[in-house]
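# pasting the sequence and the predicted coordinates here, then a few questions.
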Amino acid sequence: MEVNKDEAERCIQLAEKYIKERNKEKAEKFLKKAERLYPSQKAKDLLLQAQLLAPNIEHEQPRKRKLNTKVEEPPVIEYTEEQSTAVLRIKKCKDYYEILNVNKDATDSDIKKAYKKLALQLHPDKNKYPGSAEAFKAIGNAVAVLTDPEKRKQYDMFGTDEERLSRHQHRTASYGYSRGFESDATPEELFNMFFGGGFGGPNVYVRRNGRWHRQTSASENHHSHRDMQQTSGYTAFLQMLPIILAIILSMASSFFISDPAYSLQPTTKYTILRRTHNLDVPYYVKDNFHSEYQGSVKRLETTIEEEYVANLRHSCYREKNYRESMMWKAKSFGDKDLFVSAQNIKMPSCEKLHNLRRQG
């Protein structure tokens, strides 16, 4: 993959050095590593050249000699100065805007552009500097919050201003702003969402109802593109054929998908209000529900109640997490008023869930 190209080039340079020294074993070792990281014709040619080397007596001594004299290879630096600088900068940041290096009035486009630049620097598959995984998670949380209008509003409301930062800077711990406001998707899923699969993932992600959902991409090309210019027109057609078929099947299947029997929210289609027999959960059906639905209403209402309770649990968890994060921030700033405000944050989903449990 493209991000490993520099490391592959470094391995090729080491291999060329060992070929000149007629060290067959080490030359083959680094060329095979280069092929794994970023396949190239140069690495293949050099590997063939290395395999044809005659054994050098200096490097082919009996194993028992190596027991007495262990040759230590120089340590291989797995990261660049630019990568280490990027990680260390993130560790010193105190809010999401500083993490992404954008202004507080930055647009979604500015935020996403900044994230993409940092993600390529900090992805743990490329950046081996200690702490890169935590830094990668921090920028993932930052972009997830700042590109969501509601979360960004809440974050700005309870976040810090320059006065609090200067007054309480000595209390603020690195990565403190990663607590609370957690992303609905993992850092890797966010990366795949922005880069269409990124480091090998075949999934893309779309936002629905305020959460990120995984969606299988029909246009993912599983073949390598490095020899695309040499591919004949017939071969290109064969590569595109599965994608064309997938699109046709997807379009055809949409004609046969029926609407759900109910909705938990009223819509233009679902206008008739009903309530479940057990928990009195409101749900909506179409006006032809009695004539169209042929299944068991009791079983349907059991499914509705399970979905309703599951939604409440999820919402309650996020409400608690949000309130705790606000209380934590208030404590870190020593702000009593903010702490009282955080304690008084309403948790309607938790209250509904509590009432349901009392009924049961």
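Cool, the structure landed.

# how many other residues sit next to residue 316?
Residues within reach of residue 316, counting by other C-beta atoms under 10 Å, total 18. Bear in mind the C-beta positions are built from the backbone N, C-alpha and C, glycine included.

# averaged pLDDT, the helix or strand encompassing residue 239. What do you get?
Assigned by DSSP states H and E, residue 239 belongs to helix 233-254. For helix 233-254, the mean per-residue pLDDT is 76.

# in its sheet, which strands sit next to the helix or strand that it is followed by, and in what direction?
The helix or strand immediately downstream of helix 233-254 is strand 272-275, counting by DSSP H and E. The pairing partners recorded for strand 272-275 under DSSP bridges are strand 282-285 (antiparallel).

# ok, and for the partner strand, which residues are buried?
Burial within strand 282-285, assessed by neighbour count using 16 or more other C-beta atoms under 10 Å, is assigned to 283, 284, 285.

# shaky segments in the stretch 101-250 of the chain?
Along the stretch 101-250 of the chain, the model assigns pLDDT under 70 to residues 159-190, 193-234.

# can you list the residues that contact stretch 39-46?
Stretch 39-46 is contacted from outside by 8, 11, 12, 15, 16, 19, 27, 31, 34, 35, 224, 226, using C-beta atoms under 8 Å, 6 or more residues apart in numbering.

# what about the stretch 251-360 of the chain, any weak spots by pLDDT?
For the stretch 251-360 of the chain, the stretches flagged by pLDDT under 70 are 252-257, 360.

# now do the helices for it: every range, in order, please.
In the stretch 251-360 of the chain, the helices defined using DSSP state H, counting those that start in this stretch lie at 289-292, 297-333, 336-343, 348-359.

# can you show me the CA trace of the shortest one as PDB?
This points to helix 289-292. Taking Å, rounded to 0.1, in the frame of the first residue of the first chain, the C-alpha atoms of helix 289-292 are listed here in PDB:
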ATOM      1  CA  PHE A 289     -52.300  -2.300   8.600                       C
ATOM      2  CA  HIS A 290     -55.200  -4.600   9.500                       C
ATOM      3  CA  SER A 291     -55.700  -5.800   5.900                       C
ATOM      4  CA  GLU A 292     -52.000  -6.000   4.900                       C
END
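
# who's in contact with it?
Outside helix 289-292, the residues that touch it by C-beta under 8 Å, 6+ apart are 261, 272, 286.

# residue 324: which of the residues you listed is nearest?
Nearest to residue 324 among those is residue 261, at 37.9 Å by C-beta to C-beta.

# right, and the closest one touches residue 285 too?
Yes: if you go by C-beta atoms under 8 Å, residue 261 and residue 285 touch, sitting 6.8 Å apart.

# quick check: neighbours shared by these two?
Common neighbours of residue 261 and residue 285 (criterion: C-beta under 8 Å, 6+ apart): residue 293.

# and of the helices of the stretch 251-360 of the chain, who's closest to residue 248?
helix 289-292 (29.1 Å).

# list the buried ones in that closest one?
residue 289.

# with stretch 290-307 instead?
300, 301, 304, 305.

# contacts only, for the second one.
In this case it means residue 301. Going by C-beta under 8 Å, 6+ apart, residue 301 touches 276, 277, 278, 281, 283.

# now the residue lying closest to the first one once chain neighbours are set aside: how far from residue 278?
Nearest residue to residue 276 in three dimensions, chain neighbours excluded: residue 301, at 4.1 Å (C-beta to C-beta, 6 or more residues apart in numbering). Plainly put, residue 301 is 7 Å away from residue 278 if you go by C-beta to C-beta, to the nearest Å.

# then residue 134?
Distance from residue 134 to residue 278, counting by C-beta to C-beta: 46 Å.

# cool, and residue 87?
Counting by C-beta to C-beta, the gap from residue 87 to residue 278 is 53 Å.

# who has more neighbours out of those two?
The neighbour count for residue 87 versus residue 278, taken as other C-beta under 10 Å, is higher for residue 87 (21 against 13).

# which ones are touching the more buried one?
Residue 87 sits next to 122, 127, 129, 130, 131, 132, 135 when contact means C-beta under 8 Å, 6+ apart.

# just the buried ones from these?
Taking 16+ other C-beta under 10 Å as the criterion, what is buried in the contacts of residue 87 is 122, 127, 129, 131, 132, 135.

# about what we covered before: would you list the contacts of residue 301 in CSV and tack on distance to residue 144?
Below are the contacts of residue 301 laid out as CSV (distance: C-beta to C-beta, whole Å):
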residue, distance to residue 144
276, 34
277, 40
278, 37
281, 31
283, 31
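
# among the residues you listed, which two are most distant?
Greatest spatial distance in the contacts of residue 301: 278 and 283, 12.5 Å, computed using C-beta to C-beta.

# quick one, phi/psi of residue 293?
Per-residue torsions, residue 293: phi -80, psi 120 (degrees, to the nearest 10).

# so it makes contact with residue 300?
Yes: contact criterion C-beta under 8 Å: residue 293 and residue 300 qualify, at 7.5 Å.

# joint contacts of the two?
Residues within reach of residue 293 and of residue 300 at once, by C-beta under 8 Å, 6+ apart, are residue 261.

# A helix includes residue 130, no?
No: using DSSP: H, G, I helix; E, B strand; the rest coil, the assignment for residue 130 is coil, not a helix.

# how far away is the residue nearest to it when sequence neighbours are not counted from residue 32?
With sequence-adjacent residues excluded and distances taken as C-beta to C-beta, 6+ apart, residue 130 is closest to residue 87, at 7.7 Å. Between residue 87 and residue 32 the computed distance is 29 Å (C-beta to C-beta).
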